[in-house]
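Chemist: missing the sequence, but the structure's below:
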């Protein structure tokens with residue numbers, strides 16, 4: 001493990017010489033900047049993204065593997081394991097990807113409003129205990145960090161910030177300790193939680209929600225030797241293109257407009273207001289991470305279709321700002337899950353669009369490859385032996401990309417994808 005991580009200082013207090021060197025190093029890395037947000041005009045203080053982050057293990061080319069909650073369950077059903085069985089299982093999986101010359105794992109630790117670790121903010125995950133909120137008998141995240149570093153793999157903790165359920169609208173199916181259930185039960189906080197479609201979400205417009213999510217991130221960075229915090233593409237849900245202005249958090253927007261008029265301010269459009277709600281969360285997470293440990297990365301894997309990200313009725317992520325600013329993210333890894341024969345969304349065309357909007361001096365760019373697409377039934381070119389090999393070769397020809405995020409462990413390890421994966425691995429050596 002890297003002893004130069006900020007959260008290790010407490011253990012080095014007796015070594016005054018080393019401590020002084022570390023403090024000096026951290027002092028150089030933590031330069032606070034004030035950024036004026038062009039949308040809201042508000043001044044934001046955040047730590048500047050360093051040009052050279054300090055992962056536990058060096059990576060000439062990033063090769064990261066997503067381990068979703070599905071990879072740690074049985075087809076989405078919980079597998080309740082003993083501590084030794086969990087350690088054995090995750091060790092075996094990490095060793096498999098290490099032999100594939102991967103160098104980083106992205107482990108799901110909060111698929112919904114839950115935790116794969118003892119938390120002061122979220123109940124234990126159903127996928128670990130078999131029942132949300134049931135007391136953990138061991139610490140899965142601690143084990144995953146230990147096993148990843150023993151295998152000389154960097155590790156990121158992957159959270160879904162707003163998602164409370166996957167396919168349920170029942171508040172009372174949540175653990176009593178779940179913050180969503182507690183908020184929903186009180187009239188003063190009920191709007192912190194929104195039921196939309198077939199799911200439950202935290203309300204992105206609420207400061208209490210942002211505070212909860214940020215505190216959850218701080219808890220991880222303080223307590224675990226992770227190399228990064230990771231979020232994927234679950235932000236605002238997809239709303240109706242014709243009535244998005246009257247759905248979801250529209251009541252909060254109306255209150256915002258009323259306050260603006262009262263104070264003689266011009267209100268943002270509802271689209272820009274929603275994007276700013278997400279911006280506030282992303283900036284706050286970034287700043288919180290860097291204040292604790294400037295060497296821990298914060299990255300997001302947005303949906304690959306830029307047009308969808310820029311639409312008026314879904315996601316509401318300010319992707320162009322994130323890709324051209326400090327103080328938001330250290331990297332983006334868009335999910336470019338199409339082959340080379342998909343019209344305007346072909347892999348090469350989408351990759352070029354991403355390269356065009358990213359400033360690599362501020363934000364690193366990685367390509368998210370959908371290895372799962374080669375699992376039958378396949379479509380298009382994903383049945384071809386060399387599809388992922390060709391994607392890797394093409395991406396390497398584009399100078400702005402610095403590596404890959406592979407979705408997911410199941411895709412890489414599946415017998416169904418062996419031909420495509422082996423062909424790709426031949427050039428990952």
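Modeler: That came through fine. This structure is a prediction, so every number in the text was calculated from the model and none was measured.
Chemist: and the helix or strand containing residue 290, what's its mean pLDDT?
Modeler: Assessed by DSSP states H and E, residue 290 sits inside helix 270-292. Mean pLDDT, computed over helix 270-292, is 98.
Chemist: Which elements pack onto that helix?
Modeler: Packing contacts for helix 270-292, counted by 3 or more CB pairs under 8 Å, 6 or more residues apart in numbering; DSSP states H and E, involve strand 43-47, helix 207-223, helix 250-262, strand 297-300. All C-beta spots, glycine's among them, are computed from the backbone N, C-alpha and C.
Chemist: buried residues in the third one?
Modeler: For helix 250-262, the neighbour count (16 or more other CB atoms under 10 Å) marks 250, 252, 253, 256 as buried.
Chemist: which residues does residue 237 contact?
Modeler: Contacts here follow CB atoms under 8 Å, 6 or more residues apart in numbering; on that basis residue 237 touches 196, 197, 199, 201, 248, 314.
Chemist: how about a cut-off of 6 Å?
Modeler: Neighbouring residues of residue 237 by CB atoms under 6 Å, 6 or more residues apart in numbering: residue 196.
Chemist: try residue 299
Modeler: Counting by CB under 6 Å, 6+ apart, residue 299 has contacts 230, 329, 330, 331.
Chemist: How confident is the prediction for it, by pLDDT?
Modeler: For residue 299, pLDDT reads 98.
Chemist: re earlier: now do the helix holding residue 290: everything it contacts.
Modeler: Looking at what lies outside helix 270-292 - CB under 6 Å, 6+ apart - the contacts are 39-40, 44, 46-47, 204-205, 210, 214, 217-218, 221-222, 229, 235, 245, 253, 296, 298, 312, 316-318, 327-328.
Chemist: Could you list the low-confidence segments of the stretch 1-150 of the chain?
Modeler: Low-confidence segments of the stretch 1-150 of the chain, defined by pLDDT under 70: 1-54.
Chemist: One more pass at 80, please.
Modeler: Within the stretch 1-150 of the chain, the stretches with pLDDT under 80 are 1-54, 74-76.
Chemist: That one: helices as residue ranges?
Modeler: 16-29, 83-99, 126-129, 140-150 (DSSP state H, counting those that start in this stretch).
Chemist: Now distance to residue 64 too, for the helices and strands packed on helix 270-292, in a markdown table please.
Modeler: Putting these into a markdown table (distance: least, CB to CB, whole Å) gives the following:
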| stretch | distance to residue 64 |
| --- | --- |
| strand 43-47 | 23 |
| helix 207-223 | 18 |
| helix 250-262 | 36 |
| strand 297-300 | 9 |
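Chemist: residues in contact with the spatially most central residue of the chain?
Modeler: With distances taken as CA atoms, centre = their mean, the residue of the chain nearest its centroid is residue 231 (1.2 Å). Residue 231 sits next to 159, 300 when contact means CB under 6 Å, 6+ apart.
Chemist: Excluding residues flanking it in the chain, which one is nearest residue 72?
Modeler: Of all residues not flanking residue 72 in the chain, residue 127 sits nearest, at 6.4 Å (CB to CB, 6 or more residues apart in numbering).
Chemist: re earlier: now restrict the contacts of helix 270-292 to buried residues only.
Modeler: Here, 16+ other CB under 10 Å leaves 44, 46-47, 204-205, 210, 214, 217-218, 221, 229, 235, 245, 253, 296, 298, 316-318, 327-328 buried among those.
Chemist: Please list all residues in contact with residue 238.
Modeler: Residue 238 touches residue 314, counting by CB under 6 Å, 6+ apart.
Chemist: and it, helix, strand or coil?
Modeler: coil (DSSP: H, G, I helix; E, B strand; the rest coil).
Chemist: On the strand side of things, show who the residue nearest to the centre of the chain bridges to.
Modeler: Assessed by DSSP bridges, residue 231 has beta-bridge partners residue 159, residue 300.
Chemist: hmm, back to that, out of the contacts of residue 299, flag the one nearest to residue 153.
Modeler: Nearest to residue 153, judged by CB to CB, of the contacts of residue 299 is residue 230 at 14.2 Å.
Chemist: Give me the pLDDT for the residue nearest to the centre of the chain.
Modeler: Residue 231 is given a pLDDT of 98.
Chemist: next one: the one 5 residues further on
Modeler: According to the per-residue confidence, residue 236 scores 98 in pLDDT.
Chemist: go on, residue 201?
Modeler: Looking at residue 201, the pLDDT reads 98.
Chemist: Okay, buried residues for the helix or strand containing it please.
Modeler: Counting by DSSP H and E, the element that carries residue 201 is strand 199-202. Judged by neighbour count (16+ other CB under 10 Å), strand 199-202 contains these buried residues: 199, 200, 201, 202.
Chemist: what's next to it, contact-wise?
Modeler: By CB under 6 Å, 6+ apart, strand 199-202 touches 162, 164, 165, 194, 209.
Chemist: can you give me how far that strand is from the chain middle?
Modeler: Mean-position distance between strand 199-202 and its chain equals 18 Å (CA atoms, centre = their mean, to the nearest Å).
Chemist: Stretch 267-286 now?
Modeler: 17 Å.
Chemist: ok, and for that stretch, which residues are buried?
Modeler: Quick answer for stretch 267-286 (16+ other CB under 10 Å): 268, 270, 273-286.
Chemist: Widest-spaced pair of those?
Modeler: Farthest apart among those - using CB to CB - are 270 and 286, which lie 24.8 Å from each other.
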